[in-house]
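**Q** Okay, here's the prediction I keep looking at, along with the sequence it came from:
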Amino acid sequence: MHRALDVGVIGCGTAGAAASLFLARAGHAVTLYERVPAPGPVGAGIVLQPTGQTVLAELGLLAPIVAKAARLSGLVCVTGSGRTIVDLSYSSEDPEMFGLGLHRGVLFEALFGAVRCEPGVGLRLRVEVGALRPAAAGRVVVVAADGAAQGTHDLVVVADGARSHLGGGAGLTRASSTYPWGALWFVARDPEAQFTGRLEQTVVGNRRMLGLLPTGQGPDDADPVPHVSLYWSLRCDAVDAWRAAGLAPWKEEILALRPDAAPVLAQIEDASQVTLAVYHDVVMPRWHTRNVVVLGDAAHAMSPQLGQGCNLALIDAWTLAACVDEAPSVADALSSYSSRRADHLDFYQFATRWLTPFFQSDHGWLGVLRDAGMGAMSKLAFFEREMVRAMAGSKLGVFGAQLRISRPDRG
């Protein structure tokens, strides 16, 4: 774009922070609105896929993240009896490809720290945006929840998470539903580095799933000890019963599946230490108007079965900045953005909706079908390759087309 824009970004999570950095470094004036006074990470362990690594390398932020993350060679999923149903390795697609398990706080601190140091970004904390209002000359007014106008912008980026209401307020149709199943999360210290190398899952039907994700160091530089994230599938309406039962039966159930999880469980002394993650499914037929665009979970929140949330958000931000740079107008840039993101996001929304009931649902026969079908499919080279590509975040359709992944200098 030949002129510098005045851009308002709402939400300083992964998508909002990355978009702010890309746009500010391209010469645009960015105001980043965040409702909380002291932003911080929400959630536990995440997987930074090769796609997300590529974007962070473009921002110059990958090396410090790699220094704290746990390198992952792949994913293995076994049944309660120990039978392997999925064993995927990044190296089967590319010998130099790997995932990164990390504490969400490490990614947050890298992005938010860069935002605070970026001269082209004005950070406005304690501003809860309530509405977007059209203004003269095709601009948009950001209005706080108390009705006070906060700023007028050429372009507004909505990136305030899965519970966002601003897309609808801008005239965009948005449907959001909550998955009946969520997961309990706990981040444990792993001083002996007992859990390394890959994400390990144990499933019993589709009502029990235990995950152990190496997460590397936490965001606190004074604590260099590696961590591991434990997650446990649970119906959201069963959480009160889980708390009432106490920790002992839950720990016994986990130990029956993974006796080596004892050092992790020993660190959980109270149910308040365990966090419940609730998952949303967000559908928007259109992600933009002529001067408003919705990114990240606000646009396409989904189940975490394929581990793509933060990676899709980073790709959103990178693609938006490229479209703004190339297009002659804001309207053209946003139209180009939606076109470029459609195949990638459509595939992952379709795939996660299709896959989730096989791992988290009340339909027991789906678990039986999963164990038989996925175990057989993963032994076939073609399906193994496609499953690895889906894990890596590069799929643009059911078969064939891929998002291009560079080989960044990971430090």
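**A** Okay, I see it.
**Q** okay, CA-based contacts and neighbour counts for the rest of this
**A** OK.
**Q** Show me the strands in the stretch 201-350 of the chain, by range?
**A** Under the criterion DSSP state E, counting those that start in this stretch, the stretch 201-350 of the chain carries strands at the ranges 208-216, 227-235, 275-277, 280-283, 292-294.
**Q** just the ones you listed: most buried one?
**A** Among the strands of the stretch 201-350 of the chain, strand 292-294 has the highest mean neighbour count (mean count of other CA atoms under 10 Å), at a mean of 28.
**Q** average pLDDT for it?
**A** Throughout strand 292-294, pLDDT has a mean value of 97.
**Q** contacting residues around the closest residue to V36 other than its chain neighbours?
**A** In space, and not counting its chain neighbours, V36 is closest to R126: 5.0 Å by CA to CA, 6 or more residues apart in numbering. When the contact criterion is CA atoms under 8 Å, 6 or more residues apart in numbering, the partners of R126 are Y33, E34, R35, V36, P37.
**Q** what pLDDT does the first one get?
**A** With respect to pLDDT, Y33 scores 98.
**Q** my guess is it contacts G16, does it?
**A** No. With contact defined as CA atoms under 8 Å, Y33 does not count as touching G16 (9.2 Å).
**Q** which residues do the two both contact?
**A** In terms of CA under 8 Å, 6+ apart, Y33 and G16 are both contacted by the residues V9, I10.
**Q** more crowded one of these two?
**A** Applying other CA atoms under 10 Å to Y33 and G16 shows that G16 carries more neighbours, namely 31 against 26.
**Q** Tell me the secondary structure at the more buried one.
**A** Following DSSP: H, G, I helix; E, B strand; the rest coil, we place G16 in the helix state.
**Q** For G122, list each beta-bridge partner.
**A** Under DSSP bridges, the beta-bridge partners of G122 are T31.
**Q** For it, grab the count of nearby residues.
**A** When counting by other CA under 10 Å, one arrives at 18 neighbours for G122.
**Q** any idea how far Q267 is from A188?
**A** For Q267, the distance to A188 equals 7 Å [CA to CA, to the nearest Å].
**Q** neighbour count winner among the two?
**A** More neighbours surround A188 than the other of Q267 and A188, with 19 against 13 (other CA under 10 Å).
**Q** Against L212, how distant is the more buried one?
**A** From A188 to L212 the distance is 10 Å (CA to CA).
**Q** One more: V157?
**A** Distance from V157 to L212, counting by CA to CA: 35 Å.
**Q** Point out where the stretch 1-150 of the chain drops to low pLDDT.
**A** Residue ranges of the stretch 1-150 of the chain with pLDDT under 70: 43.
**Q** Now S91. Nearest residue, chain neighbours left out?
**A** With CA to CA, 6+ apart as the criterion, S91 has its nearest non-adjacent residue at 5.8 Å, and that residue is M97.
**Q** That neighbour contacts P50, correct?
**A** Yes. Here M97 reaches P50: they are 6.9 Å apart, a contact under CA under 8 Å.
**Q** So for the two, which residue has more residues nearby?
**A** Looking at M97 and P50 with other CA under 10 Å, you find the greater number of neighbours at P50, namely 24 against 19.
**Q** Please work out how many residues are found near the spatially closest residue to that one that is not a sequence neighbour.
**A** Taking CA to CA, 6+ apart, and ignoring the residues beside it in sequence, P50 has A392 as its nearest neighbour in space, at 5.8 Å. Using other CA under 10 Å, A392 has 27 other residues around it.
**Q** List the residues that contact A392.
**A** Going by CA under 8 Å, 6+ apart, A392 touches Q49, P50, T51, Y90, G99.
**Q** cool, G105 as well?
**A** Taking CA under 8 Å, 6+ apart as the definition of contact, the neighbours of G105 are G40, P41, V42, A44, G218, P219.
**Q** Please enumerate the shared neighbours of A188 and L212.
**A** Each of V228, S229, L230 lies in contact with both A188 and L212 under the rule CA under 8 Å, 6+ apart.
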